[in-house]
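Kindly generate the corresponding structure for this input.
(2 chains, ligands or ions: 2)
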Amino acid sequence: MLTLEKLSAGYGRMRILHEVDLHVGAGELVALVGANGAGKTTTLRSICGQLPPQAGRIVFDGGDTAGRRPDVLVRDGLVHVPEDRALFGTLTVEENLRMGAWTASAEDTTTRLEQVYDLFPILAERRGQVAQTFSGGQQQMLAIGRALMAGPRMLLLDEPSTGLAPKLTWTMLDAVREIRDTGVSVLLVEQNAKQALAIADRAYVMESGSIVLSGGGGELADDERVRKAYLGL
Amino acid sequence: MTATIDTDAPETRAPSATLAVLKRAGVVGALVAVAIAVALVQSGSGIVVWQSVVTGLLTGGLYGLIAMGLTLIFGVLDIVNFAHGALLAVAMFISFGVVQATGLHPYLTMLVTVPALFLVGVLVHRGLLSGSGGATLENQLLITLGLSLLLENGLLLFFGAEPKNVGLPGETHLDVFGAVVAGSRLYAFAGAVALGLALYWMLQHTGLGTAIRAVASNGPGAELVGINVRRIHTLTFAIGAACAGAAAALAVPLLSVTPTLGEQFNITAFVVVVLGGMGNVVGALVGGLLIGLVEQLTTIYLDGQSSLLGVFVVFVLVLFLRPQGLFGRRT
Ligand SMILES: Nc1ncnc2c1ncn2[C@@H]1O[C@H](COP(=O)(O)OP(=O)(O)OP(=O)(O)O)[C@@H](O)[C@H]1O
Ligand SMILES: [Mg+2]
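Numbering: from 1, shown residues only, chains lettered A, B, ... in the order given. Ligands and ions are numbered 1, 2, ... in the order given. Sure thing, here's the model as predicted:
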C-alpha cells in the first residue's frame, strides 16, 4: 500500500529524516514509535504531501506521490490526521464531518456519517456543538471521524492518544484497531510505545531521523533495547 | 505539545458566547439610543433627527454590503484588500457605461457588474496575489495599494475626472413616518440587505459556504480533507469583489461617479470591518448600519462638519476599547 524508499526530508536545508525505508501492506496496522523529536511527525508530513521529500521516493498504491498536494492525495485515498488535529474550530461537529467527505458523493456522506456516529456515539450527541468547545479526547475522535468521512484506504495517525486520560487511550486505540479491521491500512505514530506496540501488526522504531529497529509488534515489545529505551522497563 | 487533559466538554461555553453577543448588542443599542437622544437635544427637532436616522440606516446598508466583501476576503485569505474601493469605482463605471450604451435600468446592470467583478477578482487573485509574490503581508499591502492606484488612473485616463451621473428612471420620494426618502435610497438599502443576507445564508448553509468557512477556520486542515485551498481562496476573493460589483449597481443612481470615489468608501468600509470584527460577515452588515447612522448624527452634532469626523472618532474609540470589534473575529 505504502512504501518509503530511502526517504530524506526536512525543513529548509536542514535534514531531519535520513534514508528512511518503511512499508505498510494493505490492511496492515503499522506503528512508528520513537522519542520526542525523532522525526515521526516529519515522516507523516512527507507522506501526506505537506512536506516535499529532499531525496528518495514515496510510493502509494503503486504510484510515486511526488508533486501531489495533500488535497490530491485525499482523493487518492490517503488521509492524514495531524498532531494538532487541524479541526475547523468554528464549525459544528456535523459540519466538520461533512467537510471530511468533501471528495465523496452525497450517498457515501450519509452512510459514512452514520458509521462515524456509531463508532463515536459522543459525536452524534454533540453534532450541533462547535468543535473548539470540545475537550482533547473529543477533538481527537472528531479528527479521526472526519478522516474516515473521506473513505480512506490508508490512514496516517499522529499520536491519537496524546492528551487523553489513560482510560480513553484504550478506547481510542480500540477504535484504531476497529478501523484496521474494516480493511483500512493504518500507519500509527505514537510516543506511547507500549500501547502502540500492543495493537500493531508490525512496528518501526525511529531515532534521530533513522529507522533503527523493525519487526512484529509483540516481538519489539519484548526486545531488550526497546524495553530499556522506550518502555521504561 | 499542548496536552489538554480530558474532562467533560464545557458545554456551557456555547450558550454563554451567545449571551455575550446579546449583551454587547444591548450595549450597542443603548449607545445608539443615547446618541440619538443627544442629537434630539442638540437639534431640538424630532423630525430632523428622524430624517437623519432613516437616511443613515439606509446609506449604512450599502456600506454593509461593500464591507461584507472586504471582511470576507480578510477572514478567509488574511488579506486587507486596499483595492476594494477602486474595484467599486470600476464597477460603477461599468454600470454607467452599460446604462449609457444600452439604456438598461441601472439596477439591471448588476447582471453585468457582478460577473465582471467576479472575473476581475479571479484574475487579480490568480495573477497578483496567489503566487509567491503575494506571500507576505507587506507584499499584499503593496500589491493591493498599487492595483488601486492603477485602476483609478486607468479610469481617469479613459473617462476623465468629470463626474458622471446616472438617474433612476421613475425616481420617487417616499414618506417614512415623516422622513422623506428618495426611492433610490430605499431600494438600494433593501437590495443591499437582501444580498448581504443571501451571502450569509450561502456561507452558512451551502457546501461551498461551509468550505469557505472551513478554510477560514483552518487552512491546513481544509487541505487535509481534500479541499483545494487555493481554489477556495480565488473564489472567495472573487465573491468579495462581486459584492463591490453588486453594491455599485445599487448605488450608482445615488452618487456622482468619479474615478476616485472608491477612496472614501475604502476608509468607511475599513472602519466598518474593524467595527464589526475583522472577518465577521454579519458584523460587517451591522457595522455598516451603525457607521451610516454615525455619519448622519455627526452632521447634526457638528452642524455641517464633515461626516467622516464622527466615523474617525468611532474608529479610534473601537481601536482603543475593543480592537477585536463589536462582534469578535470571524464568524
Ligand atoms: N517546522 C519545522 N521547522 C524546523 N524544524 C522542525 C520543524 N518541525 C519540526 N522540526 C524539527 O524536526 C525534528 C523532528 O521533529 P518531529 O516533529 O518530526 O518529531 P516527532 O518524532 O514527531 O516528535 P514528537 O514526539 O515530539 O511529536 C525536531 O528536531 C524538530 O525540532
Ligand atoms: Mg510528532
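
Domain map for chain A?
A:2-77+A:152-229, A:87-138 (automatic domain parsing).

moving C-terminal of the longest helix along chain A, what's the next helix or strand?
In chain A, taking DSSP state H as the definition, the longest helix is helix A:166-181. Past helix A:166-181, further along toward the C-terminus, the next helix or strand under DSSP states H and E is strand A:185-190.

Which residues does that next one contact?
Applying Cβ atoms under 8 Å, 6 or more residues apart in numbering or on different chains, the external contacts of strand A:185-190 come out as A:1-2, A:24-33, A:40-41, A:43-44, A:47, A:153-161, A:176, A:179-180, A:196, A:199-200. (Each C-beta comes from the backbone N, C-alpha and C, glycine too.)

Stretch B:294-309 now?
Defining contact as Cβ under 8 Å, 6+ apart, one finds that stretch B:294-309 is touched by B:35-36, B:38-39, B:42-43, B:48-49, B:52-53, B:55-56, B:59, B:264, B:267-268, B:310-311, B:314.

do the same with stretch B:263-276
Identification of contacts with stretch B:263-276 by Cβ under 8 Å, 6+ apart yields B:63-64, B:66-67, B:70-71, B:74, B:80, B:82, B:84-86, B:88, B:148, B:152, B:282-288, B:290-291, B:308, B:311-312, B:314-315, B:318-319, B:323, B:325-327.

Mind checking which of these are buried?
Buried members of these, counted by 16 or more other Cβ atoms under 10 Å in any protein chain shown: B:63-64, B:66-67, B:70-71, B:74, B:80, B:82, B:84-86, B:88, B:148, B:152, B:282-288, B:290-291, B:308, B:311, B:314-315, B:318, B:325-327.

Including mean neighbour count and mean pLDDT, could the domains of chain A go into CSV?
Output for these, formatted as CSV (neighbours: other Cβ atoms under 10 Å in any protein chain shown; pLDDT from 0 to 100):
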stretch, mean neighbour count, mean pLDDT
domain A:2-77+A:152-229, 19, 92
domain A:87-138, 19, 94
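
so which of those gets nearest residue B:166?
Nearest to residue B:166 among the domains of chain A is domain A:87-138 (40.4 Å), distances taken as Cβ to Cβ.

Let me know whether the closest one sits next to chain B.
Yes - using Cβ under 8 Å from any Cβ of the partner chain, domain A:87-138 reaches chain B at A:87-91, A:95, A:98-100, A:102-103, A:126, A:129-130, A:133-138.

which residues of chain A fall in strands?
Counting by DSSP state E, chain A has strands at residues A:2-11, A:14-24, A:29-34, A:55-60, A:63-64, A:78-81, A:154-158, A:185-190, A:202-207, A:210-216.

Which among the ones you listed is found nearest to ligand 1?
strand A:2-11 (3.5 Å; Cβ to the nearest ligand atom).

next one: that closest one to chain centre, how far?
The chain centroid and the centroid of strand A:2-11 are separated by 16 Å under Cα atoms, centre = their mean, to the nearest Å.

Now tell me what touches that strand from outside.
So strand A:2-11 is contacted by A:15-24, A:42-43, A:45-47, A:51-61, A:78, A:154, A:185, A:187 (Cβ under 8 Å, 6+ apart).

and ligand 1, which of those contact it?
Restricting the contacts of strand A:2-11 to those within reach of ligand 1 (Cβ under 6 Å from any ligand atom) leaves A:16, A:42.

Spell out which residues of the stretch 151-300 of chain B are next to ligand 2.
For the stretch 151-300 of chain B, no residue is in contact with ligand 2 (Cβ under 5 Å from the ion).

For the stretch 151-300 of chain B, just list every one of the helices.
B:183-205, B:207-217, B:219-224, B:229-251, B:261-276, B:281-301 (DSSP state H, counting those that start in this stretch).

so what pLDDT did residue 144 get?
In the absence of a named chain, this looks at chain A. Residue A:144 is assigned a predicted lDDT (pLDDT) of 95.

looking at chain B here, not the other one
So residue B:144 comes in at 93 (pLDDT).

where's the closest residue to ligand 1 within the stretch 51-200 of chain B relative to residue B:149, distance?
Proximity of the stretch 51-200 of chain B to ligand 1 (Cβ to the nearest ligand atom) peaks at residue B:135, 16.4 Å away. From residue B:135 across to residue B:149, the span is 21 Å (Cβ to Cβ, to the nearest Å).

And for residue A:179?
Separation of residue A:179 from residue B:149 (Cβ to Cβ): 56 Å.

In contact with the residue of the stretch 101-250 of chain B found nearest ligand 2, which residues are there?
In the stretch 101-250 of chain B, the residue that lies nearest ligand 2 is residue B:220 (14.8 Å; Cβ to the ion). Residues near residue B:220 by Cβ under 8 Å, 6+ apart: A:50, A:82, A:86.
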